[in-house]
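> Sequence first, predicted coordinates after that:
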Amino acid sequence: MVNRLFMLMVAAGLPLSVVGSLMHWSPVLMFVIYCLTIVALAGYMGRATESLAIVAGPRIGGLLNATFGNAVELIISIFALKAGLVGVVLASLTGSVLGNLLLVAGLSFFVGGLKHKRQEFNIYDARHNSGLLVFAVLVAFVIPEVFAMEMNEQRTFSLSIGISIILIGLYMAALFFRLVTHRGVYQHKTDAVDEHEEPEWSKKTATIVLLLATVAVAYVSENLVHTFEVIGEEFGWSELFIGVIIVAIVGNAAEHASAIVMAYKNKMNIAVEIAVGSTLQIAMFIAPVLVLISLLFPVSMPLVFTLPELVAMGTAVLLMVAISNDGETNWFEGATLLAAYVIMGIGFYLL
């Protein structure tokens, strides 16, 4: 039923996106069409990566899902940078961290916990990711903010470039550590894969679907960015709220759906890898890459967030570390994460 709905949304959404942009329909109407189309395309990306996850295993599958899920947000952010909307991009990065750690993980734990009283995942991966989360958010994001108080704009951006290069290097080292030098060293009983499960699509078909969906998302995203200013004026939304809530939810729709489905099927290793792995990719790869890409545009983007953004991200990281470090979860822990997300969402809306 859900797959048919996504198919219908894509079949109707793509033509309407093209016709509406050419005929200059109402920006509010086009904003809705663009968002629904991206969500539907993200659903296809989620199904394709789920098929690849069955073939490749939970770690690589989760990494693929996070990567292609974040590709949507990366594309939206690049076009937003091109339009000079630096505040929206930084806010969307904040929203991705909050969305993945609190909304995606929270819904996954909650939905999975309703069906399974107690769910386990790889405790070694959880502890490894906890250290990286603390480093990426509480060190790499907070340091530029602190030093920027005593620096001019040029020196602040130079510091951002240096930190970005270090973050990208450490992220690549983390992948090499987990997938090459220490692959299989920290095994857990929940790493077992159901050998009888068949992927929905073949590896070739899933790859083609991913590529086509990514191209379509790029087209729709470019048009979506041009509606932000009108939408903000129409509904009284700030750039911060649009970035933290709207762009983050739309951009991460694929991960939201995939992680929840995996948790419902009691595949918690993949669900956690999608939520936490995606956060690490946002903080240690997507954000620094956007800083470097901004060099190509008239307005550069320093890696400096506002105080509310930093406090919200730091709180989300600490809460996730406290909940996930025991390697098991339940519906109540999911509800706790969701409650934190709603509280922060209200705060950003009222700012």
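That came through, no problem.

> pLDDT of stretch 83-91, averaged?
The pLDDT scores in stretch 83-91 average 88.

> buried sites along it?
Going by neighbour count (16 or more other CB atoms under 10 Å), the buried part of stretch 83-91 is Ala83, Leu85, Val86, Gly87, Val88, Val89, Leu90, Ala91. Just so you know, the C-beta spots here come from the backbone N, C-alpha and C atoms, and that holds for glycine as well.

> Any idea how far it is from the middle of the chain?
16 Å (CA atoms, centre = their mean, to the nearest Å).

> count of residues packed around Ile161?
The tally of other residues near Ile161 (other CB atoms under 10 Å) stands at 17.

> Which pLDDT value belongs to it?
For Ile161, the predicted pLDDT is 93.

> how about the strands in the stretch 51-200 of the chain?
119-120 (DSSP state E, counting those that start in this stretch).

> Point out where it drops to low pLDDT.
56-63, 65-66, 69, 182, 184-197 (pLDDT under 70).

> What values do phi and psi take at Thr329?
phi -150, psi 170 (degrees, to the nearest 10).

> okay, now the nearest residue to it once chain neighbours are set aside: neighbour count?
Spatially, and ignoring its direct neighbours in sequence, Thr329 is nearest to Phe109 (4.6 Å; CB to CB, 6 or more residues apart in numbering). When counting by other CB under 10 Å, one arrives at 30 neighbours for Phe109.

> From Ala136, how far out is Phe109?
Going from Phe109 to Ala136 by CB to CB, to the nearest Å gives 22 Å.

> now swap in Arg155 and tell me
For Arg155, the distance to Ala136 - CB to CB - is 22 Å.

> Looking only at neighbour counts, state which of these two leads.
Ala136 (26 against 13).

> per-residue pLDDT, the residue lying closest to the more buried one once chain neighbours are set aside?
Distances taken as CB to CB, 6+ apart place Ala283 nearest to Ala136, at 3.8 Å, with adjacent residues excluded. Looking at Ala283, its pLDDT is 92.

> neighbours of Ala283, just the number please.
Using other CB under 10 Å: Ala283 sits among 25 other residues.

> ok, back up a step: residue contacts, the residue nearest to Thr329?
Residues near Phe109 by CB atoms under 8 Å, 6 or more residues apart in numbering: Gln119, Ala263, Ile323, Thr329, Asn330, Trp331, Glu333, Gly334, Leu337.

> Could you turn the buried ones of those into a ChimeraX selection?
Applying 16+ other CB under 10 Å to the contacts of Phe109, the buried members can be selected in ChimeraX as follows:
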select :119,263,323,329,330,331,333,334,337
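
> could the contacts of Phe109 be laid out in a markdown table, adding distance to Arg127 and secondary structure?
Listed next are the contacts of Phe109 as a markdown table, based on distance: CB to CB, whole Å; DSSP: H, G, I helix; E, B strand; the rest coil:
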| residue | distance to Arg127 | secondary structure |
| --- | --- | --- |
| Gln119 | 17 | strand |
| Ala263 | 20 | helix |
| Ile323 | 13 | helix |
| Thr329 | 15 | strand |
| Asn330 | 19 | coil |
| Trp331 | 23 | helix |
| Glu333 | 17 | helix |
| Gly334 | 20 | helix |
| Leu337 | 18 | helix |
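
> Which member of the contacts of Phe109 is positioned nearest Ile249?
Proximity of those to Ile249 (CB to CB) peaks at Leu337, which lies at 15.3 Å.

> Would you mind listing the buried residues in the helix or strand where Gly345 lies?
Following DSSP states H and E, the helix or strand that holds Gly345 is helix 331-350. Of all the residues in helix 331-350, those buried under the rule 16+ other CB under 10 Å are Trp331, Glu333, Gly334, Thr336, Leu337, Leu338, Ala340, Tyr341, Met344, Gly345, Phe348.
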